[in-house]
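A.B. asks: heads up, no residue letters with this:
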């Protein structure tokens, strides 16, 4: 008797193809590492980037075929068998990008704002939505604060963590920069359900590209589409100093672009806060710092930060629909 595999066989990750697509001259990534399996790409990359002996420059990426100890928001676990998902973590150090841009006499790059760090995971989400829509035809959208969903079901999760600036004897300077200070880094991890069947997913609130009828499931195509778009948005964001209200090259600001991608806006939602408190209202907008603005039944305005929310659930006449 033949036992069916847990998910349809997909093309294996091809490191040489990924590096050719992502690194110079085709792409802008400085380093691309592809591994068969790891505990958590975010944990591994964050630890490596913080080690003085390691070299992980701005715009580096760690890609894994499988993950056996991944972490999501609020410490949730996320294990992925080989071939089932698109797993990557990108290391960003905006001060390094700003320094290189500033070395160009025609550049208008400015110092990266502290508030800009909180937007980096949103940039990843927008890039992923763009890649999924353009490559697969699946109508992906953002669900605040850190998920990509399709028709209310979770397709992908995004997790960002800060990596402290390196401590260098005699001052923390970028090599060869003279006076440019090295700022903190950020690791932005993304996990996308690609070829999992319904019984391989954690409940009926999750979905995969396969289940959504995607016309493309090859991660060697999907990863470059996502990562190159992310890199483009990131470099434009650094050029405007990490200010989400300033227009990028395309004319729209990160704040405006995020609101266009954010399916949460206009929805009746319930925010579950630490301690069990609940906040009900209509999600109306994003604040300049990326917080979600809610208007309650009395018309009062509330601002909710991602770190203060345990769950954000959509509500309606048919009851509560959890798409967290």
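C.D. replies: The structure has been received and is ready for your questions. Every value quoted in this text rests on a predicted model; they were computed, and no experiment measured them.
A.B. asks: contacts and neighbour counts: CA atoms only from here.
C.D. replies: OK.
A.B. asks: Over to residue 279. Which of the three states is it?
C.D. replies: Classification of residue 279 using DSSP: H, G, I helix; E, B strand; the rest coil returns strand.
A.B. asks: residue contacts, it?
C.D. replies: By Cα atoms under 8 Å, 6 or more residues apart in numbering, the contact set of residue 279 is 270-273.
A.B. asks: That one and residue 315: what is the separation?
C.D. replies: Residue 279 sits 12 Å away from residue 315, taking Cα to Cα, to the nearest Å as the criterion.
A.B. asks: just residue 274 next, same as before
C.D. replies: Using Cα to Cα, residue 274 is found at 19 Å from residue 315.
A.B. asks: out of these two, which sits in the busier spot?
C.D. replies: residue 315 (17 against 12; other Cα atoms under 10 Å).
A.B. asks: Do I have it right that the more buried one meets residue 269?
C.D. replies: Yes - look at residue 315 against residue 269 with Cα atoms under 8 Å: they come within range, at 5.2 Å.
A.B. asks: Break down the stretch 151-300 of the chain into its strands, ranges please.
C.D. replies: For the stretch 151-300 of the chain, the strands defined by DSSP state E, counting those that start in this stretch occupy 153-163, 185-193, 268-272, 278-286, 292-295.
A.B. asks: To residue 251, which of the ones you listed lies closest?
C.D. replies: The closest of the strands of the stretch 151-300 of the chain to residue 251 is strand 278-286. By Cα to Cα, the value is 18.5 Å.
A.B. asks: list the buried ones in that closest one?
C.D. replies: 279-286 (16 or more other Cα atoms under 10 Å).
A.B. asks: Out of the residues you listed, which comes closest to residue 234?
C.D. replies: Nearest to residue 234 among the buried residues of strand 278-286: residue 286, at 19.0 Å, using Cα to Cα.
A.B. asks: For residue 201, see how far away the closest residue to the closest one other than its chain neighbours is.
C.D. replies: Distances taken as Cα to Cα, 6 or more residues apart in numbering put residue 292 closest to residue 286, at 4.8 Å, once the chain neighbours are dropped. From residue 292 across to residue 201, the span is 28 Å (Cα to Cα).
A.B. asks: That's all I had, so thanks and see you.
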